[in-house]
Each structure stands twice: as structure tokens, then as C-alpha cells.
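Undergrad: Quick one, fold the following:
(chains A and B)
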Amino acid sequence: MTMQTETTHDPLVLYGETFHSRLLLGTSRYPSPAVLEAAVRTARPAMLTASLRRQTAAPQESGNRFWELLKALNVPVLPNTAGCHSIQEAITTAQMAREVFETPWIKLELIGDDYTLQPDTLNLVEAAGWLIKNGFKVLPYCTEDLVLCQRLVDVGCQAVMPWAAPIGTGKGPINPYAMRVLRERLDVPMIVDAGLGRPSHACQVMEWGFDGVLLNTAVALAQEPVVMAGAFAAATQAGRDAWRSGTMAEQDAAQPSTPVLGTPFWHAK
Amino acid sequence: MKVFINKNEHELADGATLLDAIAAIEAKPPFAAAVNTQFVSKTQYGEHRLQSGDRIDIIFPVTGG
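TA: Sure thing, here's the model as predicted:
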């Protein structure tokens, strides 16, 4: 029997572009650039996230090393606007990212609360709308709020990225009901971004019908990041395959899977 | 005149452009720039005249999530 490569027949499509994987991977917090590189080569993600910062202590060298690694990996880059707290900051950062990374893709992060890193849902839509009008392909990091996601779609976002839980917590989906309703109600690609800690979390949201996952810390801070990268890639695809296959209906009563007819022994009832 | 480049104070000649500010910190590509939180395209560096007190951000690619 030949197993089909599902990604060949079921690609992730964002803004009309096709991606071979449903896993998007962050590049931060790895023990070393070598480990990051090995993790990426193992996971083979659709996109890699990156950011922009001012110079720090050994800036040019480390910056250039990362730049060279990005070029060598040859994976599409998704720059982010991490750390932005206002619409203007997010727009300016997106413009700078477009010039540096030579890409219209932007992961729009607009933080409203520093403790939870919860998105500023009141300003996110306006920022997204401006960026869409100015040629960006916006992937907004948002909460699982249905109406917010609908408004993001209304201003032109062709995909949204609801969180599963606050960034870096690894808690997994903390509001399964809202996420499942969101999936049911909104018909655009949705990538679960942030809060996933285990491959089973990724598999779970993919089983619910989400289109992809974006994660960083869960791989970078694993004891074996390279192995974990592979585990997340496999779990993400497993969840997708499961969703496409249609899971059986759950029921309370046990039913034998082996035929009962012709059982060779007598049982006392 | 006094300007701030990545939060550090610098003294530049009157009439200096953004290109002069970039040279002052010896920034090497790839980078992007903004003045007073407004993006300035690299095609405009030589034409963008700075004013005293301008806040200039020159930022570089880094890892991110």
C-alpha cells in the first residue's frame, strides 16, 4: 500500500501562495544558531519568523550571522512587529521589515498588555486595515474572539492567527469552546499562534480544523529542540490528516471491534 | 546639532542627513531606518534632512517568534 503525502494534495494556501508545510516556526531562544538551523532542517516549516531590533552589545556580528543563516535556510521569512504598542509603531516596524526582508508578509503584533502579551484588540483592526491597503500580506496575531477575527477579515485579512494561550506559556488551548466556535463560524485560513507547549496541543487544534500552527518556545526550550521540531511537524500533519479523515463519533457504550458472531467459548452472563 | 540615534545622543553638523546619522554609528546593511517613528526608505537617506532633537531608529534583523 502506498501512503499518500498529504501535503502534496493538501497544501496550506495563504493570500494565494502555497506552502508545503502547516508549521510556522519562530527563530528565537534556541541554545545556538546551529541548533536553530538543525531544528529548521528537521521541521521543514512553511515560514520562519524574524524580527527587527536596535543594535545591542555585539550587534553587527550577531545580526549578520542570523541574516546569513536565514539566507542559507532558504525558507520564506515572516517578519513580526513584536513589542509594538501603538498603531504607528506597528506600521513603521512593518514598513522597515518589508524593506529589510524584502517581503510583503508581516506577522502583525500589537501588544495591549505587557503581563499577558495580549493583543490590543481595539487597535489591531485599524493597523491591519492600513497595512492591507498598503500592500502587506498581514497575518494578525489576535485572540480567539470571533467578532475580532471577523473584523480583521472585513478589512482584508485573508488569514488570522488566534492565540491558544499567552505567548511562551506552553499551556495549550485554554479556551477550547471559543476556538472551536471560531473555526466553525469563520471560513478563512486560521493559524494558531502562541501558547502551544506540546505536540499534542498542535495536533489537537489541527484536529479541530485549524489550518496551521506557529510556535517558537515549545521547540527552542525543549531539552532536545531538534527532536522536538520533528515531533511538532509530525503532530501538526497528523492533526491535519485526522481532521480531513473525519473522526468517529464518540459514544458512551463500549462496542467490540472484533466480530462477536462465532465466538468459540461460552460465557456465563 | 544634537540628535538621538537608537536612544544615544550624537552631535551632527547642521544640515546633516539621515545618511550622516547612519555613518555616525557605522551601520552596515541590512538595516532599516525611521525618524521620529516615521519610516524613511533607503532611497531617501541622502535627502532626508535631520532637525535638532530628531529621534532616529536604525534597526537590524534579529531572531523572533
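Undergrad: Show the contacting residues for residue 55.
TA: By default, I'm working from chain A. A:63, B:6, B:25, B:27, B:58, B:60 (CB atoms under 8 Å, 6 or more residues apart in numbering or on different chains). Where C-beta positions appear, they are placed from N, C-alpha and C, glycine not excepted.
Undergrad: nope, chain B
TA: With CB under 8 Å, 6+ apart, B:Arg55 has these contacts: B:3-4, B:35-37.
Undergrad: Check A:Ser200 too.
TA: Here A:Ser200 is in contact with A:172, A:235 (CB under 8 Å, 6+ apart).
Undergrad: Helix or strand: which one has it?
TA: Per DSSP states H and E: A:Ser200 is located in helix A:199-207.
Undergrad: Quick one: mean pLDDT for that helix?
TA: Averaging pLDDT along helix A:199-207 gives 98.
Undergrad: And the residue of chain B closest to chain A?
TA: Going by CB to the nearest CB, chain A is nearest to B:Gly64 of chain B, at 2.8 Å.
Undergrad: Can you pull the residues of the stretch 151-269 of chain A lying near chain B?
TA: Within the stretch 151-269 of chain A, the residues that sit near chain B (CB under 8 Å from any CB of the partner chain) are A:167-168, A:216-217.
Undergrad: and chain B, which residues reach chain A?
TA: B:6-7, B:25, B:27-28, B:30-34, B:37-39, B:41-42, B:57-65.
Undergrad: Among those, name the ones in strands.
TA: Members of the residues of chain B next to chain A lying in strands (criterion: DSSP state E): B:32-34, B:38-39, B:57-63.
Undergrad: Show me just the buried residues among the residues you listed.
TA: Among these, those classed as buried by 16 or more other CB atoms under 10 Å in any protein chain shown are B:32-34, B:39, B:57-63.
Undergrad: Spatially, which two of those are the most separated?
TA: B:Phe39 and B:Thr63 (22.0 Å; CB to CB).
Undergrad: Show me what whichever helix in chain A runs longest is packed against.
TA: If you go by DSSP state H, chain A has its longest helix at helix A:225-245. Packing partners of helix A:225-245 (3 or more CB pairs under 8 Å, 6 or more residues apart in numbering or on different chains; DSSP states H and E): helix A:6-9, strand A:23-25, helix A:33-43, helix A:199-207, strand A:212-215, helix A:217-220.
Undergrad: What residues of that helix count as buried?
TA: Of all the residues in helix A:225-245, those buried under the rule 16+ other CB under 10 Å are A:225-226, A:228-233, A:235-241, A:243.
Undergrad: What pLDDT is listed against A:Thr103?
TA: 98.
Undergrad: Quick check: bridge partners of the residue lying closest to B:Asp57 once chain neighbours are set aside?
TA: The shortest distance from B:Asp57 to any non-neighbouring residue, by CB to CB, 6 or more residues apart in numbering or on different chains, is to B:Ala34 (4.6 Å). Beta bridges link B:Ala34 to B:Phe39, B:Asp57 when assigned by DSSP bridges.
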